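>>> all I have is the shape, not the residue letters:
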Ligand code: GRG
């Protein structure tokens, strides 16, 4: 049932993105961009945005530009993550990675173009939102994506390979690499709903914790699942000497860590009552997923 809801929301965002890209001038890069952006994916971040929106009774159609921008950043990060100079993965979402299909140069440039497209989307006139709120969103997304966020986290992830690292270092890296974009998905909603700074910060923290939860379960999947389920090669972290919670404390202790992190997030969401039901369901999906 939840999977159906996730898929339905994901399809709507895909249609929105397809229409948006079709209106762009055609270039050589449009094909690899569309391939990297639209070739499957759970659209979990878009679902997080839409379900966080329910907390403050925001209209879902109002949030499509925001979802599309976040999916552009996410897909850009996956295209670059798969490159030989990064994680060197030949498969993504059950298909060939963008660089395998279109070549490295096209994949790098398509990724760059998706990054800039995200900001084009947020600044689009058709995104009906006060200019000053748009500027806040643009700044926040830029900070989440750059050297103090996703890019910085990726740098740490690569540098940590085959090195000894402690729990705080691993969690800090994962919060940046994966948590920051999730954090933006939740805090952007508080910005749009014109909530005060303290509420924005609370949602920022909840989002980052959900992202950490997501990353750790992603590491579980690498450890326990198959390419058939995940659409990408599994059991790579160990081979590459990646630093994960599992590599540090083992599978059982990592499961306990996830359980307590999840309980903590759910406790914080309680104050939003029934408005947070769908958000709670997403968190349950994240920890129970097998893909
Ligand atoms: C600055 C955006 C940016 C990128 C450059 C390459 C890089 C730096 C960062 C990589 C970040 C990265 C790949 C983090 C992993 C996050 C993660 C668990 C991805 C898998 O997400 P899913 O499962 O993917 O939501 P689908 O395929 O479902 O969309």
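Received it, and whenever you're ready, just let me know what you need. Being a predicted model, the structure only gives us computed values, none of them experimental.
>>> was I right to think residue 137 contacts residue 189?
No - when contacts are counted by C-beta atoms under 8 Å, residue 137 is not listed as touching residue 189 (10.2 Å). Heads up, the C-betas are built off the backbone N, CA and C, glycines and all.
>>> the helices in the stretch 151-291 of the chain, which residues?
Along the stretch 151-291 of the chain, counting by DSSP state H, counting those that start in this stretch, helices occupy 167-174, 180-192, 197-224, 227-230, 236-240, 245-269, 277-288.
>>> relative to residue 110, which of these is closest?
Proximity to residue 110 (C-beta to C-beta) singles out helix 180-192 among these, at 18.7 Å.
>>> so what touches the closest one?
45, 48-49, 52-53, 55-56, 58, 62-63, 66, 70, 73-74, 77, 129, 133, 136-137, 140-141, 144-145, 149-150, 153, 199-208, 210-211, 214 (C-beta atoms under 8 Å, 6 or more residues apart in numbering).
>>> give me the pLDDT value at the residue of the chain found nearest the ligand.
Nearest residue of the chain to the ligand: residue 41, at 3.0 Å (C-beta to the nearest ligand atom). Residue 41 is assigned 92 on the pLDDT scale.
>>> counting neighbours, what do you get for it?
Counted with other C-beta atoms under 10 Å, residues neighbouring residue 41 total 20.
>>> which residues does the nearest residue to it once chain neighbours are set aside contact?
The shortest distance from residue 41 to any non-neighbouring residue, by C-beta to C-beta, 6 or more residues apart in numbering, is to residue 93 (5.6 Å). Applying C-beta under 8 Å, 6+ apart to residue 93 gives the contacts 39, 40, 41, 231, 232.
>>> same question for residue 157.
Contacts of residue 157 (C-beta under 8 Å, 6+ apart): 173, 177, 242, 243.
>>> could these go into CSV alongside neighbour count and pLDDT?
Output for the contacts of residue 157, formatted as CSV (neighbours: other C-beta atoms under 10 Å; pLDDT from 0 to 100):
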residue, neighbour count, pLDDT
173, 24, 98
177, 23, 98
242, 19, 95
243, 24, 95
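>>> so which of those would count as near the ligand as well?
residue 177 (C-beta under 6 Å from any ligand atom).
>>> neighbours of the residue lying closest to residue 276 once chain neighbours are set aside, how many?
Spatial nearest neighbour of residue 276, excluding adjacent residues (C-beta to C-beta, 6+ apart): residue 269 at 4.4 Å. Residue 269: 18 surrounding residues under other C-beta under 10 Å.
>>> enumerate every residue touching residue 269.
206, 276, 279, 280 are the contacts of residue 269 under C-beta under 8 Å, 6+ apart.
>>> per-residue pLDDT, it?
Model confidence at residue 269, expressed as pLDDT, equals 96.
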